[in-house]
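K.L.:
Structure of the sequence below:
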Amino acid sequence: MSKKILIVGGVAGGATAAARIRRLDEQAQVIVFERSGFVSYANCGLPYYIGGVIEDKEELTLQTPEMFLKRFRIDVRVHHEVTAIHPDKKTVTVKNLESGEVFEESYDKLLLSPGARPVQPNLPGAGMDHLFTLRTVEDTLRIRDFVVKEKPKSVVLAGGGYIGLEVAENLRELGMDVTIVQRPNQVLSPLDYEMAAFVHAKLREKGIHLMLGHSVEGFEKEGEKLWVLLKDEAPLKTDMVILAIGVAPETHLAKEAGLKLGIKDSIVVNERMETSAPDIYAVGDAVEVRHSVTGQPALISLAGPANKQGRIAADNICGGNSTYKGSQGSSVIKIFDMTVATTGLNERTAKSAGIDCDKVYLSPSSHASYYPGGTMMTMKVLFEKNTYKLLGAQIVGYDGADKRIDVLATAMNAGMTALELKDLDLAYAPPYSSAKDPVNMAGFMIDNLEKGTLRQFFWDEVGELPDDGSVFLLDARTPEEYARGHVNEFINIPLDELRDRLGEIPAGKPVYVMCQSGLRSYLACRILSQNHFDCYNFSGGYRLYETIYKDCVAAKQSYPCGMDK
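P.N.:
So this is what the prediction gives:
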């Protein structure tokens, strides 16, 4: 006897599961209920339709109900909202949003893929015209229609996450005046602050106004204009507002049905994607997953994990035994010509999880320096002290940043240690890499730490260095570089002159060395260490320090940890 399988919600998880079920079971009866008018669409492409990069809205549709029926014999019913689940009767209540008809549908297996909803703050004026959220194709069409017809000159985006930044870029490319407002003092929470500072610099370079560390308190209408009310700050006048302050699991159905819920009311599932109720599965942004690095419960709203979960749930619905190993949160985003990529934990999260972590910063070129067109990237690689377990990585750069984060993500997934990065046999040709790939370089640096040939200090420790003469602060760059900007109290002795000027460095004092990226200061430390000096290398170099310093100036914030030295 064929199984009857109901799927609530399409897009990444639900649509993937439906197609997989059909590939595994030709006889199963599969019905998909989707509240919106689109069952399978390119969710991540929505900001690019708003900006006109994707010109034809049909390109956003991956599969239509008609295509599902013709190719897979799957019954997809759009504009149908499941309003209740009855696990005891193994039925769901469904409302046809076009006709108003309400009916019950039975199931043998039920898959929930409700996704996440935009967080809607309960603020005065939150429902007024010219104020938008972005989640569905319909939301996208409304925003695009408003932009084309009304030709707004300005927009305020509340939120600096992935969607917020992609929309900001696309609207800025249309010539609009764009302001991003959010409560945290940085965009892109998967990044640590110092890495986000490079993103802030790029956004400001492109003319986007950043109001970080500010809270939106409400909205007021004045003719065709909106006033965005801010806490302890003058209000902003704008033509439109887009709320992109985050998402929350869409789990009211699961909650009302008595399913077990986890963090932020997400649906608890086991590794087979089974919920606490028999024959009910759940996938996607609505479910709680295990973070593959910490082993702790996590919410990770990304398309890749949702697709994998949909496939795994389908396997198990059809009698298989597939398991989901967890998520490590690998992601990448384009910000104008910049690429920002992450995987695993950031330092903030690692420390809050009680992990004793260490890190290296490096600024390698995307390919061989002698081949034209190379660009610099900034990498931060995190690992656990003593065990050298890889914890995460962040890369901000241009060409090749996505390639390196994928190598690091694969190494983490394979259980490699940070020390083993140096041994990876990676492809090399001058247009693509260097003979020592940036991932290998990170491994070499960590190997030097393990062997004791490298000792580091960091950007947030500069202000804590003694100013009583008990240490010697050395800048190993050229006089020209030093003249363009340096940290006060650091004395300039260029690397190439160091051996001849060792007498200028007081014996017996620890030496803290800085250069532009961290390479020359490391070489300086090797010279000094072998001449009986106690030496520490500034990780990340003056380039990192200057980026953070300028970000603090632009944001009119106090400099972290005494950076006004």
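
K.L.:
The closest residue to residue 208 other than its chain neighbours and residue 186, how far apart?
P.N.:
Nearest residue to residue 208, sequence neighbours excluded (Cβ to Cβ, 6 or more residues apart in numbering): residue 178, at 4.8 Å. In this view, the C-beta of every residue, glycine as well, is placed from N, C-alpha and C. Distance, residue 178 to residue 186, by Cβ to Cβ, to the nearest Å: 17 Å.

K.L.:
Settle it for me: which of those two has more neighbours?
P.N.:
A direct count of neighbours by other Cβ atoms under 10 Å for residue 178 and residue 186 places residue 178 higher, at 25 against 21.

K.L.:
can you pull out the strands in the stretch 51-200 of the chain?
P.N.:
Counting by DSSP state E, counting those that start in this stretch, the stretch 51-200 of the chain has strands at residues 61-63, 75-78, 80-86, 91-96, 102-106, 109-112, 116-118, 131-133, 154-158, 177-182.

K.L.:
Of those strands, which is nearest residue 261?
P.N.:
Ranking the strands of the stretch 51-200 of the chain by their distance to residue 261 (criterion: Cβ to Cβ) puts strand 109-112 first, at 12.2 Å.

K.L.:
elements contacting the closest one?
P.N.:
Judged by 3 or more Cβ pairs under 8 Å, 6 or more residues apart in numbering; DSSP states H and E, strand 109-112 is in contact with strand 4-8, strand 280-282, helix 303-317.

K.L.:
Note down every partner strand of it and its orientation.
P.N.:
Here strand 109-112 has these sheet partners by DSSP bridges: strand 4-8 (parallel), strand 280-282 (parallel).

K.L.:
What lies in contact with that strand?
P.N.:
Outside strand 109-112, the residues that touch it by Cβ atoms under 8 Å, 6 or more residues apart in numbering are 3-9, 14, 17, 85, 90, 92, 253-254, 267, 275, 279-283, 286, 313-314, 317.

K.L.:
just stretch 164-176 next, same as before
P.N.:
Stretch 164-176 has contacts (Cβ under 8 Å, 6+ apart) with 47-48, 50-53, 134, 147, 152-155, 157-158, 178, 180, 182, 187-188, 199, 203, 206-208, 242, 244-245, 333-336.

K.L.:
Could you rerun that using 6 Å?
P.N.:
With contacts defined as Cβ atoms under 6 Å, 6 or more residues apart in numbering, stretch 164-176 is touched by 47, 50-51, 155, 157, 178, 180, 208, 242, 244, 335-336.

K.L.:
need the residues you listed in CSV with pLDDT and distance to residue 392, can you?
P.N.:
CSV is the format used below for those (pLDDT from 0 to 100; distance: Cβ to Cβ, whole Å):
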residue, pLDDT, distance to residue 392
47, 90, 26
50, 90, 31
51, 91, 30
155, 98, 33
157, 96, 27
178, 98, 30
180, 97, 25
208, 98, 27
242, 95, 30
244, 88, 24
335, 97, 20
336, 97, 25
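
K.L.:
Show the buried residues in those residues.
P.N.:
When the contacts of stretch 164-176 are checked for burial by 16 or more other Cβ atoms under 10 Å, the buried set is 47, 50-51, 155, 157, 178, 180, 208, 242, 244, 335.

K.L.:
Residue 137: neighbour count?
P.N.:
Applying other Cβ under 10 Å, we find 20 residues neighbouring residue 137.

K.L.:
can you check residue 365 too?
P.N.:
For residue 365, the count of nearby residues is 19 (other Cβ under 10 Å).

K.L.:
And for residue 319?
P.N.:
Other residues near residue 319 come to 9 when the count uses other Cβ under 10 Å.

K.L.:
Help me confirm that it is found in a strand?
P.N.:
No: assessed with DSSP: H, G, I helix; E, B strand; the rest coil, residue 319 is coil; it does not lie in a strand.

K.L.:
So the residue of the chain most remote from its centre: helix, strand or coil?
P.N.:
In terms of distance from the mean C-alpha position of the chain, residue 503 ranks first, at 48.5 Å (Cα atoms, centre = their mean). Classification of residue 503 using three-state DSSP returns helix.

K.L.:
Residue 497 versus that one, what's the distance?
P.N.:
For residue 503 relative to residue 497 (Cβ to Cβ), the value is 12 Å.

K.L.:
which residue ranges form the helices in this structure?
P.N.:
Applying DSSP state H to the chain gives helices spanning 11-24, 46-50, 65-72, 137-150, 162-173, 193-205, 252-256, 303-317, 347-352, 401-413, 438-451, 479-484, 519-529, 541-555.

K.L.:
can you tell me the average pLDDT over the fifth one?
P.N.:
Helix 162-173 comes out with an average pLDDT of 95.
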